[in-house]
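K.L.:
Predicted coordinates and the sequence they were generated for:
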Amino acid sequence: MKKSIILVVVCVLCAATFFSESIAYLSSNEHEIYESYFLEYNEVMGEYYNVLLEIIQTNPQYESYFYKPLDIITVASALMNYKALEKYLNENGVLLDYERIVNESNDLFNKYMSDDSLKEPFLRFFGTESIFKGFISSIVYRDEVVKSINSFFTDTYGENMSEVLSEWYEEYLSNFDFVVSYEPLIPAYEIFKAQSLQEFEAIEEKYRSIVLRETNIPEEWYISYVYLVENILSVQYSKLEDLQKYMEIAGNYPQLLEYSNDELSNQLSYYSQISETDEATDLRVEATQKVNLLQEYIYLAGNYGTYNEEKIKNEYEQINMQIEEMYLAYENSLVNLKKINPESIEINYKLYEIKPQDPNVSYDYFELLYLSLIEYYKNSGDLDSIKENLNVLKGIFSNLIENENLEKEKSDGSLKIINEINNLLK
């Protein structure tokens, strides 16, 4: 379990207060699941929205939609620390006062919901009463856990409580992990737990197949796959560049293929000494070039094995095919996400990035940009600051209507937007 993020609030199991699906369970590092210690959906989501608010306040451009599944898992991981603490208390004969937790949660929730000036903004941000109630329960639960742990260690260790507790805390929590039981978050959980690039690539390959071949999968799976591709594509392209360079070096300097590792090392040492001399001569320049060549060849041979033309070409072709498949799955994910959230600028922008020549994709994205500018103008009355952007959009829509592949409805929409901009800028 990642312990670097200890959040301010945590979840509590208050089934008597409201129904919520379990989302994750506490486990040992040996994968033994402790079914009595789990997190519920409403409480985790309530905590997620609270953390999101803090992030957006410091980074308004945060791409929250495409980080959401992984952020929820990160929140759940931190919340599990408190479940582990509750387990310790229970094993030492200390039970949390769940009656107080339920009653105080209900009192706070009713207080906020009875005040219209608070109710509307809270529900607008948290979405539903049940998620907001989950957040309230988290606050109360955290207070109870912290109070109980401090009381237990004070009774046991007296004045040395703080020092003992600090040392014990990290060591104790290192014995625990967690598992996710909520299906939509399983890909994000696998990403969160990945320990190497190889594991990351295996996860991408697994969900690439699912995204391309299955329908009716959870929205979060598409989001997680988009995250995977955006973090792996650069690595795949780097591999292609490496393999291309390997073939070039093997073709231009075939003598390198005959050297043993010891001979390569001796050559590198010899030319390194010459390249490090003070006098700037042609010999030194040539030695520096040979050092760079040898270093690159040694790196490539170490990463891709002894050069074999057929093997390297096959690997190059395989990676190329994987990249093509990844783009197909990436586009398919975005198309399906767009069906769910047609007015998302984030989704439409990503589709536009990979299909800028498609006039219908372009229209959908730039229409949303136009509508956002108009919404800003209606709310602020500030036309001067958006005039330049409106003129740019006018030019874009003028070009779009010249494209014969633009759908009739979108062509009419482009003309309407152009007329609206002309009237606005009179």
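P.N.:
Yes, it's here.

K.L.:
which intervals of the stretch 251-400 of the chain have sub-threshold pLDDT?
P.N.:
278-280 (pLDDT under 70).

K.L.:
quick one, helices of it?
P.N.:
Chain-ordered helices for the stretch 251-400 of the chain, with DSSP state H, counting those that start in this stretch as the definition, fall at 261-275, 282-304, 309-340, 345-354, 359-380, 387-400.

K.L.:
for the ones you listed, which one ends up most surrounded?
P.N.:
The densest packing among the helices of the stretch 251-400 of the chain, expressed as mean neighbour count by mean count of other C-beta atoms under 10 Å, is seen in helix 345-354 with a mean of 18. (Glycine included, C-beta is placed from N, CA and C.)

K.L.:
list the helices and strands that one packs on?
P.N.:
If you count contacts as 3 or more C-beta pairs under 8 Å, 6 or more residues apart in numbering; DSSP states H and E, helix 345-354 packs onto helix 64-91, helix 309-340, helix 359-380.

K.L.:
Any buried residues in the first one, and which?
P.N.:
In terms of neighbour count (16 or more other C-beta atoms under 10 Å), helix 64-91 has its buried residues at 66-89.

K.L.:
Keeping just the C-alphas, turn the helix or strand just after it into CSV.
P.N.:
Moving toward the C-terminus from helix 64-91, the first helix or strand encountered (DSSP states H and E) is helix 98-113. Taking C-alpha atoms only, helix 98-113 is exported to CSV below (Å, rounded to 0.1, in the frame of the first residue of the first chain):
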residue,chain,number,x,y,z
TYR,A,98,-20.0,3.3,15.8
GLU,A,99,-23.1,4.7,17.5
ARG,A,100,-21.4,8.0,17.9
ILE,A,101,-20.2,7.8,14.3
VAL,A,102,-23.6,7.2,12.9
ASN,A,103,-25.4,9.8,15.1
GLU,A,104,-22.8,12.5,14.5
SER,A,105,-22.8,11.8,10.8
ASN,A,106,-26.6,12.1,10.6
ASP,A,107,-26.6,15.3,12.7
LEU,A,108,-24.0,17.0,10.5
PHE,A,109,-25.6,15.8,7.3
ASN,A,110,-29.0,17.1,8.3
LYS,A,111,-27.5,20.4,9.4
TYR,A,112,-26.0,21.0,6.0
MET,A,113,-29.0,19.8,4.1
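
K.L.:
Give the rounded mean pLDDT of helix 98-113.
P.N.:
Mean pLDDT, computed over helix 98-113, is 95.

K.L.:
From Pro184, how far out is the residue nearest the centre of the chain?
P.N.:
Nearest to the geometric centre of the chain sits Tyr67, at 3.8 Å (C-alpha atoms, centre = their mean). When distance is defined by C-beta to C-beta, to the nearest Å, Tyr67 is 15 Å away from Pro184.

K.L.:
and what of Ser130?
P.N.:
According to C-beta to C-beta, Ser130 stands 17 Å off from Pro184.

K.L.:
Who are the contact partners of the nearest residue in space to Leu300 that is not next to it in sequence?
P.N.:
Beyond its immediate neighbours in the sequence, the residue positioned closest to Leu300 (C-beta to C-beta, 6 or more residues apart in numbering) is Tyr246, lying 4.5 Å away. If a contact means C-beta atoms under 8 Å, 6 or more residues apart in numbering, then Tyr246 has 300, 304, 307, 312 as its contacts.

K.L.:
Contact partners for the second one?
P.N.:
Read that as Tyr304. Listed by C-beta under 8 Å, 6+ apart, the contact set of Tyr304 reads 242-243, 246, 312, 315.

K.L.:
Okay, domains of the chain per the record?
P.N.:
22-192, 355-424 (automatic domain parsing).

K.L.:
Pull up the distance across the last one, start to finish.
P.N.:
I take that to be domain 355-424. Taking C-alpha to C-alpha, to the nearest Å, the first and last residues of domain 355-424 lie 30 Å apart.

K.L.:
For Tyr25, which phi and psi angles does the backbone take?
P.N.:
Recorded main-chain torsions at Tyr25 are phi -120, psi 150, according to degrees, to the nearest 10.

K.L.:
wait, doesn't it sit right on Phe178?
P.N.:
Yes - between Tyr25 and Phe178 there is a contact at 6.5 Å, judged by C-beta atoms under 8 Å.

K.L.:
Have a look at the two and say which one is more surrounded.
P.N.:
Of the pair Tyr25 and Phe178, Phe178 is the one with more neighbours under other C-beta atoms under 10 Å, namely 27 against 19.

K.L.:
quick one: the more buried one and Lys245, what's the gap?
P.N.:
Here the distance between Phe178 and Lys245 works out to 43 Å (C-beta to C-beta).

K.L.:
Would you mind measuring from the residue nearest to Gly305 when sequence neighbours are not counted to Glu183?
P.N.:
Spatial nearest neighbour of Gly305, chain neighbours left out: Lys311 (7.4 Å); criterion: C-beta to C-beta, 6+ apart. Applying C-beta to C-beta, the value for Lys311 to Glu183 is 40 Å.

K.L.:
what's the answer for Ser162, then?
P.N.:
Using C-beta to C-beta, one gets 42 Å for the distance from Ser162 to Glu183.

K.L.:
Also Val291?
P.N.:
Taking C-beta to C-beta as the criterion, Val291 is separated from Glu183 by 54 Å.

K.L.:
try Gln295
P.N.:
Gln295 sits 48 Å away from Glu183 when distances are taken as C-beta to C-beta.

K.L.:
One more: Ile396?
P.N.:
From Ile396 across to Glu183, the span is 41 Å (C-beta to C-beta).

K.L.:
before we move on, what about Lys68?
P.N.:
Using C-beta to C-beta, Lys68 is found at 15 Å from Glu183.

K.L.:
for Ser28, same thing?
P.N.:
Noted for Ser28: a distance of 23 Å to Glu183, by C-beta to C-beta.

K.L.:
same check, this time on Lys338
P.N.:
Distance from Lys338 to Glu183, counting by C-beta to C-beta: 22 Å.

K.L.:
give the contact list for Ser411.
P.N.:
Under the criterion of C-beta under 8 Å, 6+ apart, the neighbours of Ser411 are 400-401.

K.L.:
model confidence over the helix or strand in which it is found, on average?
P.N.:
With elements taken from DSSP H and E, the one containing Ser411 is helix 408-424. Per-residue pLDDT values over helix 408-424 give a mean of 97.
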